[in-house]
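Asks: sequence and predicted structure are below.
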Amino acid sequence: MSSAVTTIAPPAELNLLADMTIATRNRWAMADIAEGMRLWRLAWALGWLDIRLRYRGSMLGPFWLTISTGVMVAALGVLYSTLFKIELRDYLPFLALSQVLWGFLAALVSEACGVFTDAEGVIRSVRMPYFVFSMRGLIRNAIVLAHNIVVIVVVFAIFEMWPHLGSLMALPGLLLWVIDALALTLLLGGFCARFRDIQPIVNSVMQIAFFMTPVIWKPTQLSESGIAHLAFNPFYDLLEIVRGPILGTDVETTTWIGACVYSVILCAISWAFFVRARGRIAFWV
Amino acid sequence: MSSRALIEVKNLSVLFPLYHGSSRSLKKMVVAAASGRLAQDQQQRVVVRALTDINVRLDSGDRLGLVGSNGAGKTTLLRVLAGIYEPVLGSLRVRGSLNALLDPNLGMNMELTGRENILLRGLYNGLPRSALPRLEEDVAEFAELSDFLDLPVRIYSAGMVVRLGFALATAIKPQILLMDEWFLAGDAVFMEKARVRLEEMVRGADILVLSSHQNEIIRQWCSRVLWLDQGNVIADGPSEEVLDRYIGTIPHHPIEALV
């Protein structure tokens, strides 16, 4: 019997220094992201694996989520259209879309806290770009989102709202979401590995944000001054740049500017943190 | 191999911050900062010196054994060489492809089938797609899983899991091989087969760093020994010389020594 090993490890080189200059730290952080992107197939496989494991043994798999989202949207839709005195056909498509998109945002933020601590075993036994785990978190939640899109499609079909060319304007918004999601997972993942009491804080912030953001209520229900204040809610701006185009409502320029400004701030904070903390994460998890 | 493998460790120290109790809590840090206690806290932060001022240079052909009691810093040093823990002081330079056999079940998932685990390992190692069939064939053959290859690892016998883990870990040939001692544990029948494969891998590697409590294995495989104690290098030299000194300090009859 042959035991010849013929698979050769790819060549590598590593030069690590304590007391790195800021420029070197930046280079390492950039290398981490570049190498992580090169391992996209691993991140993809791990993201799918998370979903498969979460729903193992259940026949419907992730479609359980679709069903529960659907039931929730139907129930909330009937209740709130009565409470708010809005026509169901005006309200339900809005609610379905908002609820699905918000579900993605909330789960992503909450799971961002665990992207590194969940991968503790791997991080401590092999040198691996941290960006891989960020991509894994994003991919996992994108897969869930993709399943929930069924709810939106069904509701839109019931009310005969068909996609129009303007819906494509949601794509730049989604691209911004991807960038923000990766920045956020790097930041929260590292921060939560260091400080273990962040997760509950993050969860309560998201809880408050859910009520403060027009997810189940419509921005038009606010007074003029109320609408003006909404721009200060980053979640509103980010939600609206994707939701508006799909619903066919106009997205204000200020909303777009707001979304971009908040994204730039988030990326800057995340980058500054990651550049500093990258070499320490292995000690923290 | 195009370039010669090299490991160069200079004045390397690793300090582990001990995050326990309040230092894990942001709330307490903020409260401490607000009440002006933070600076004091930072100086009093409890750190463990896992490695102190290590200097090692390994060239192609070097076979280094790490000896020392539990907690001497052997595994930490392996993790540093693998690039997992970055140096807190000093520097590390590694040239050449590297495989660190530290965790027997790295990335192995019980719910996946044997075949899926093999493919996942290939992805972890950043292998190109074209290398995957070869990897699969090699691991499947060595682990002798035959019909079980397409069943979840969860239903495997303990022996099969060990075989798969070992086959996966040793399926990729590096220039630099870092190995922790657990790799030498296992049942007798499998051990003989594993030893053949491991020896072949060790022979194929340019540099070997092996950490073990089994002095005979160190004697057999290593030409040089680094003796660590509480993160400090006690001795570094030819195997026989250092091992003899090291063994001299271990009580021969541990039970009597305790009495």
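Replies: All right, it came through fine. Keep in mind the model is a prediction, meaning the values are calculated, not measured.
Asks: every contact and neighbour count from this point should use C-alpha atoms.
Replies: Fine.
Asks: show the low-confidence segments of chain B, by residue range.
Replies: Counting by pLDDT under 70, chain B shows low-confidence ranges at B:1-3, B:19-23, B:29, B:32-45, B:182-188, B:251-259.
Asks: just the strands in chain B please.
Replies: B:6-17, B:47-59, B:63-67, B:89-95, B:98-101, B:172-173, B:176-179, B:207-211, B:224-229, B:232-238 (DSSP state E).
Asks: could you tell me the angle between the third one and strand B:207-211?
Replies: The one in question is strand B:63-67. With axes from the mean of the first three to the mean of the last three Cα atoms, to 10 degrees as the basis, strand B:63-67 and strand B:207-211 are set at 10 degrees to each other.
Asks: enumerate every residue touching residue A:35.
Replies: By Cα atoms under 8 Å, 6 or more residues apart in numbering or on different chains, the residues touching residue A:35 are residue A:129.
Asks: ok so, going back, same list (the strands of chain B) but as TSV, adding distance to residue A:225.
Replies: Below are the strands of chain B laid out as TSV (distance: least, Cα to Cα, whole Å):
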stretch	distance to residue A:225
strand B:6-17	50
strand B:47-59	54
strand B:63-67	70
strand B:89-95	56
strand B:98-101	61
strand B:172-173	64
strand B:176-179	65
strand B:207-211	69
strand B:224-229	69
strand B:232-238	67
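Asks: nearest to chain B: which residue in the stretch 151-285 of chain A?
Replies: residue A:195 (4.9 Å; Cα to the nearest Cα).
Asks: ok, back up a step: got a markdown table for the strands of chain B, with distance to chain A and mean neighbour count too?
Replies: Formatted as a markdown table, those follow (distance: least, Cα to the nearest Cα, whole Å; neighbours: other Cα atoms under 10 Å in any protein chain shown):
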| stretch | distance to chain A | mean neighbour count |
| --- | --- | --- |
| strand B:6-17 | 7 | 19 |
| strand B:47-59 | 12 | 17 |
| strand B:63-67 | 18 | 26 |
| strand B:89-95 | 4 | 20 |
| strand B:98-101 | 7 | 24 |
| strand B:172-173 | 5 | 23 |
| strand B:176-179 | 10 | 25 |
| strand B:207-211 | 14 | 26 |
| strand B:224-229 | 21 | 23 |
| strand B:232-238 | 19 | 16 |
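Asks: sheet partners, orientation included, of the longest strand anywhere in chain A?
Replies: For chain A, the strand that runs over the most residues, judged by DSSP E, is strand A:13-17. Here strand A:13-17 has these sheet partners by DSSP bridges: strand B:89-95 (antiparallel).
Asks: the strand it pairs with relative to strand B:47-59, how many degrees between them?
Replies: Using the same axes, to 10 degrees: strand B:89-95 against strand B:47-59 is 30 degrees.
Asks: now do strand B:89-95: everything it contacts.
Replies: A:12-19, B:4-14, B:53, B:81.
Asks: enumerate the residues of the stretch 151-259 of chain B near chain A.
Replies: Residues of the stretch 151-259 of chain B lying close to chain A by Cα under 8 Å from any Cα of the partner chain are B:170-175, B:196-197, B:200-201.
Asks: what's the neighbour count on residue 165?
Replies: You didn't pick a chain, so chain A it is. 9 (other Cα atoms under 10 Å in any protein chain shown).
Asks: not what I meant, chain B
Replies: 23.
Asks: swap in residue B:197?
Replies: 21.
Asks: show me what contacts residue A:234?
Replies: A:258-259, A:262 are the contacts of residue A:234 under Cα under 8 Å, 6+ apart.
Asks: okay, and which of the residues you listed map to helices?
Replies: Using DSSP state H, the members of the contacts of residue A:234 that fall in helices are A:258-259, A:262.
Asks: returning to what we had before: pLDDT value on the residue of the stretch 151-285 of chain A closest to chain B, please?
Replies: Here the pLDDT value assigned to residue A:195 is 88.
Asks: coming back round to it: let's see if you can find the most crowded of the ones in helices among the contacts of residue A:234.
Replies: For these, counting by other Cα under 10 Å, the largest number of neighbours falls to residue A:259: 25 neighbours.
Asks: all helices of the chain, in order?
Replies: Because you didn't say which chain, this covers chain A. Under DSSP H, chain A gives helices at A:22-38, A:40-54, A:63-83, A:88-112, A:120-123, A:131-158, A:170-194, A:198-212, A:224-230, A:234-247, A:253-277, A:281-284.
Asks: wrong one, chain B
Replies: B:26-34, B:38-43, B:74-81, B:114-124, B:132-143, B:158-169, B:188-204, B:215-221, B:239-249, B:254-258.
Asks: for residue A:135, find the nearest of those.
Replies: Minimum separation from residue A:135 across the helices of chain B (Cα to Cα) falls at helix B:114-124, 14.0 Å.
Asks: tell me how far the closest one is from the chain's mean position?
Replies: Helix B:114-124 sits 20 Å away from the centroid of its parent chain (Cα atoms, centre = their mean, to the nearest Å).
Asks: how about that helix as PDB, C-alpha atoms only?
Replies: Output of helix B:114-124 as PDB, limited to C-alpha atoms (Å, rounded to 0.1, in the frame of the first residue of the first chain):
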ATOM      1  CA  GLY B 114     -15.600  12.200   4.800                       C
ATOM      2  CA  ARG B 115     -15.400  13.400   1.200                       C
ATOM      3  CA  GLU B 116     -16.700  16.800   2.100                       C
ATOM      4  CA  ASN B 117     -14.300  17.100   4.900                       C
ATOM      5  CA  ILE B 118     -11.400  16.400   2.600                       C
ATOM      6  CA  LEU B 119     -12.600  19.100   0.100                       C
ATOM      7  CA  LEU B 120     -13.000  21.500   3.000                       C
ATOM      8  CA  ARG B 121      -9.500  20.900   4.100                       C
ATOM      9  CA  GLY B 122      -8.300  21.500   0.600                       C
ATOM     10  CA  LEU B 123     -10.000  24.900   0.700                       C
ATOM     11  CA  TYR B 124      -8.500  25.700   4.100                       C
END
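Asks: give the buried residues for that helix.
Replies: B:114-124 (16 or more other Cα atoms under 10 Å in any protein chain shown).
Asks: just give me the neighbour total for the spatially closest residue to residue A:120 that is not a sequence neighbour.
Replies: Nearest residue to residue A:120, sequence neighbours excluded (Cα to Cα, 6 or more residues apart in numbering or on different chains): residue A:285, at 5.7 Å. A count of nearby residues for residue A:285, using other Cα under 10 Å, gives 19.
Asks: do the same with residue A:164
Replies: Residue A:164 has 11 nearby residues by other Cα under 10 Å.
Asks: what is the nearest of the buried residues of helix B:114-124 to residue A:124?
Replies: Distances from residue A:124 to these, taken by Cα to Cα, are shortest for residue B:124, at 13.7 Å.
Asks: I'd assumed residue A:42 was in contact with the closest one.
Replies: Yes: counting by Cα atoms under 8 Å, residue B:124 does reach residue A:42; the two are 6.3 Å apart.
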